[in-house]
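> what follows is a predicted protein model with its sequence.
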Amino acid sequence: MKIFEKDYILSLDIGTSALKFAWLSKKQDKMRLVKAGVKEFPRTQNTSLLDKEIISSLKNISQNDIDLKRSKVIVTFNSMTTSIKKIKAPYMPKSELREGLMLEAKNYFPFPLDDTFLDFEIIRDVVEQGIRKYEVLLSVSSTPVIHKYLELLRKAGIRPASFIPASYALYKLAGEMPRKTDEIKCYLDIGDAVTELLIFRGADMEFSRKIPMGGNDFTKALTEMPFSEESPQKFSRHEAEEIKRKIGIPFGNEENLENKKISMVRVRSMLRDPVERLTDEISRCFDYYREQTGGIRVSDLIIFGGGASLEGLIKVLSESLHADVTLGDPLAGINTDADAIKDKDKISYRLDQAVGAAFVEEKDVNLLPVEIRDEAKRIFQRATVQALIAAILLISLFLYVGMRIQLNNYKKRIDVARLEISSLRPQLKKLEVHYLANKILVSEPHWEDIYKELSNIIPSNIHLTDISMENNVITMRGIVSSEDGVQLISDFMIKLEKGIFKNTKLVSSIDLEDRPGNEFEIRCWVE
């Protein structure tokens, strides 16, 4: 209901190295970015300390950057046991589909599903070799991961309305980005720990995979290898991050790093292993997709995420994969306030999941436990109803005085109307007599009687596509969806004969080409 909608959408991307957020207003299906940013976390292996940093950053955003009370909060998160897959499931009643998908999902995800939340989105109905199926987008995540992030949000005083995997946020963003029909594009989000890869053909996602490596692998490679065989000194994590952003993958041999006795060749050798592993993983995905689609090649790669900041990565990927590689801009096509984001060129490509999450609707995938989802909805609706009641009472108070003044005028108008109705009654009687006479004399049947008769006898698997009448002859055309189409048409004609229709004849019956059934034409007369 529109009265229960909030003015803004706050989407949060909770990562292991930073918290990304986008605060947008949505009016008439048009997005406008009001504020966005990245809150970096100090590098630490201490999980407890990292959780405190996440809570602190969440509180800072909700208290200083946005109006939380007027915002619908959507949270995206990631882990190795959080993923999405598009599958084809047997057709069944929707009430039984969730249980059926839980059994089917075990064949598609490389981790146990015994303690997981699952949600799904029906994309479309498909028919394969005459068998009807659902094309479904499955989303799963382990229960401990979801509860962990929910607890962090609770401590920060934030109630999420929707909880989605990072890959689903990238899926929603890719679905909104401009593209041509049947154009093949790959969207890659290089996170701190994992990389999400999605391949789209036009508006349809045809392949998805989670690659178990990310930007942290580049940092780790730089910190684990000494400067040289003569010098055992190593880079700190802070120094490694600086090298990633400012120097990246060097292509020259002559210069040394500032204040360090280490050559560009040494840096390149440090990064060679993680870079080659990443390109190999992407190449394998492209090869598999090509085999599954009969030779279709992926030639466009759009990269997002913190790992995309590695200088020189675009060039290496382009040369290794023989593809057109570009740095993605999730804010393209979104109206942005002048002061909404600082250093846009430096951080916008890291906001892909936060921006993508903003396109999630109520009917979409949501891994928020049902009891929490319903509780949040009840609290919001209760507060909104209370505000509505207060507003209605206030308006009623102002209207009461005016209504009392006009009450006598309304009574006078009612009396006048009654007199007019009394004067019209004789004319209405005459019209009623004429109507009855016409009903008796007119030879043509009334359509309302025909429709009423048909609605009582027509079977559920027969669909009329056209009905017309000329010279008291009624022609009906339609489709019967069944392997026993001829028999069903015959039974239908017998039912027509028993009612107001006479001399029923089958003019034509043609087998359907795309599915079992017949297209038919029947003519009959009406008593």
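Yep, that arrived.

> neighbours around residue 453, how many?
Burial of residue 453 is recorded as 17 neighbouring residues (other C-beta atoms under 10 Å). (Each C-beta comes from the backbone N, C-alpha and C, glycine too.)

> can you check residue 523 too?
14.

> so who does it touch?
Neighbouring residues of residue 523 by C-beta atoms under 8 Å, 6 or more residues apart in numbering: 473, 474, 475, 476, 504, 505, 507.

> closest to residue 27 among these?
Of all the contacts of residue 523, the one with the least separation from residue 27 (C-beta to C-beta) is residue 476, at 47.5 Å.

> from residue 493, how far out is that closest one?
Computed with C-beta to C-beta, to the nearest Å, the distance linking residue 476 and residue 493 is 10 Å.

> more neighbours: which of those two?
The residue with more neighbours, out of residue 476 and residue 493 and counting by other C-beta under 10 Å, is residue 476; that gives 24 against 16.

> circling back to that earlier point, can I get the contacts of residue 523 in TSV with distance to residue 96?
Rendered in TSV, the data for those read as follows (distance: C-beta to C-beta, whole Å):
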residue	distance to residue 96
473	47
474	41
475	41
476	36
504	40
505	43
507	41
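
> list buried residues within those.
Buried residues within the contacts of residue 523, defined by neighbour count using 16 or more other C-beta atoms under 10 Å: 474, 476, 504.

> of the contacts of residue 523, closest to residue 174?
Comparing the contacts of residue 523 against residue 174 with C-beta to C-beta picks out residue 476 as the nearest, at 46.7 Å.

> quick one: secondary structure of the closest one?
Assigned state for residue 476: strand (three-state reduction, DSSP: H, G, I helix; E, B strand; the rest coil).

> beta partners for it?
Listed beta-bridge partners, residue 476: residue 467, residue 522 (assigned using DSSP bridges).

> which ones are touching it?
Under the criterion of C-beta under 8 Å, 6+ apart, the contact partners of residue 476 comprise 464, 466, 467, 521, 522, 523, 524.

> swap in residue 9?
With contacts defined as C-beta under 8 Å, 6+ apart, the neighbours of residue 9 are 23, 24, 25, 26, 71, 72, 74, 358.

> the fourth one should be in a strand, yeah?
Yes. Membership of residue 26 in a strand is supported by three-state DSSP.

> mutual contacts of residue 476 and residue 493, please.
Contact criterion C-beta under 8 Å, 6+ apart; residues bridging residue 476 and residue 493 by contacting each: residue 522.

> contacting residues for the residue lying closest to residue 92 once chain neighbours are set aside?
Ranked by C-beta to C-beta, 6 or more residues apart in numbering and with sequence neighbours excluded, the top spatial neighbour of residue 92 is residue 100, at 5.7 Å. When contacts are counted by C-beta under 8 Å, 6+ apart, residue 100 touches 89, 90, 92.

> nearest to residue 290, of the residues you listed?
Within the set of the contacts of residue 100, residue 89 lies nearest residue 290; the separation is 25.6 Å, counting by C-beta to C-beta.

> and that closest one, helix, strand or coil?
With three-state DSSP as the basis, residue 89 sits in strand.

> that one and residue 105 touch, don't they?
No. Under the contact definition of C-beta atoms under 8 Å, residue 89 does not touch residue 105, with a separation of 9.5 Å.

> quick one on the thing from earlier: turn the contacts of residue 9 into TSV, including neighbour count and pLDDT.
Formatted as TSV, the entries for the contacts of residue 9 read as follows, by neighbours: other C-beta atoms under 10 Å; pLDDT from 0 to 100:
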residue	neighbour count	pLDDT
23	24	95
24	24	95
25	17	92
26	16	83
71	21	92
72	20	93
74	28	96
358	25	94
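
> need the max-distance pair from these.
Farthest-apart pair in the contacts of residue 9 is 25 and 74; separation 14.1 Å (C-beta to C-beta).

> contact partners of stretch 305-323?
With contact meaning C-beta under 8 Å, 6+ apart, stretch 305-323 is reached by 15, 17-18, 186, 188-192, 195, 214-215, 218, 244-251, 271, 275, 279, 282-283, 286, 298-301, 303, 324-328, 349-350, 352.

> helix or strand with the lowest mean pLDDT in this structure?
Among the helices and strands of the chain, helix 370-441 carries the lowest confidence by mean pLDDT, DSSP states H and E, at a mean of 67.

> what is the subsequent helix or strand relative to that one?
Using DSSP states H and E, the next helix or strand after helix 370-441 towards the C-terminus is helix 447-457.

> tell me how far that following helix is from the chain's mean position?
Relative to the mean C-alpha coordinate of its chain, helix 447-457 is positioned 42 Å out (C-alpha atoms, centre = their mean, to the nearest Å).

> what's it packed up against?
When contacts are defined as 3 or more C-beta pairs under 8 Å, 6 or more residues apart in numbering; DSSP states H and E, helix 447-457 sits against strand 462-470, helix 485-498.

> for the ones you listed, give me CSV that also has distance to residue 135 and mean pLDDT.
What follows is the helices and strands packed on helix 447-457, written out as CSV (distance: least, C-beta to C-beta, whole Å; pLDDT from 0 to 100):
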stretch, distance to residue 135, mean pLDDT
strand 462-470, 24, 85
helix 485-498, 27, 87
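
> need the winner for burial among those.
Mean neighbour counts were taken over the helices and strands packed on helix 447-457 using mean count of other C-beta atoms under 10 Å, and the top value, a mean of 15, falls to helix 485-498.

> CA atoms only for whichever helix or strand comes after that helix - export them in CSV, please.
Reading on from helix 485-498 to the C-terminus, the next helix or strand found by DSSP H and E is strand 501-511. Presented in CSV, the C-alpha positions along strand 501-511 are these (Å, rounded to 0.1, in the frame of the first residue of the first chain):
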residue,chain,number,x,y,z
PHE,A,501,-28.2,-23.5,-28.1
LYS,A,502,-29.5,-25.7,-31.0
ASN,A,503,-28.2,-27.3,-34.1
THR,A,504,-24.6,-27.1,-32.8
LYS,A,505,-22.0,-27.9,-35.5
LEU,A,506,-18.2,-28.3,-35.4
VAL,A,507,-16.8,-26.2,-38.3
SER,A,508,-13.1,-26.9,-37.8
SER,A,509,-10.6,-28.4,-35.4
ILE,A,510,-6.8,-28.0,-35.8
ASP,A,511,-4.0,-29.4,-33.7
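
> list just the nearest of the contacts of residue 9 to residue 166.
Proximity of the contacts of residue 9 to residue 166, judged by C-beta to C-beta, is greatest for residue 74, which lies at 12.3 Å.

> isn't the closest one up against residue 14?
No. Here residue 74 does not reach residue 14: they are 11.5 Å apart, not a contact under C-beta under 8 Å.

> mind listing the residues bridging to residue 39?
residue 19.

> list the contacts of it.
Under the criterion of C-beta under 8 Å, 6+ apart, the neighbours of residue 39 are 18, 19, 20, 21, 57, 60, 61.

> go again using 10 Å as the cut-off
Residues counted as contacts of residue 39 (C-beta atoms under 10 Å, 6 or more residues apart in numbering) are 18, 19, 20, 21, 53, 54, 56, 57, 58, 60, 61, 65.

> which one is the third one nearest to, not counting chain neighbours?
This means residue 20. On the basis of C-beta to C-beta, 6+ apart, the spatially nearest residue to residue 20 that is not a chain neighbour turns out to be residue 13, at 4.1 Å.

> wait, doesn't the one you found sit right on residue 347?
No. With contact defined as C-beta atoms under 10 Å, residue 13 and residue 347 do not form a contacting pair (11.9 Å).
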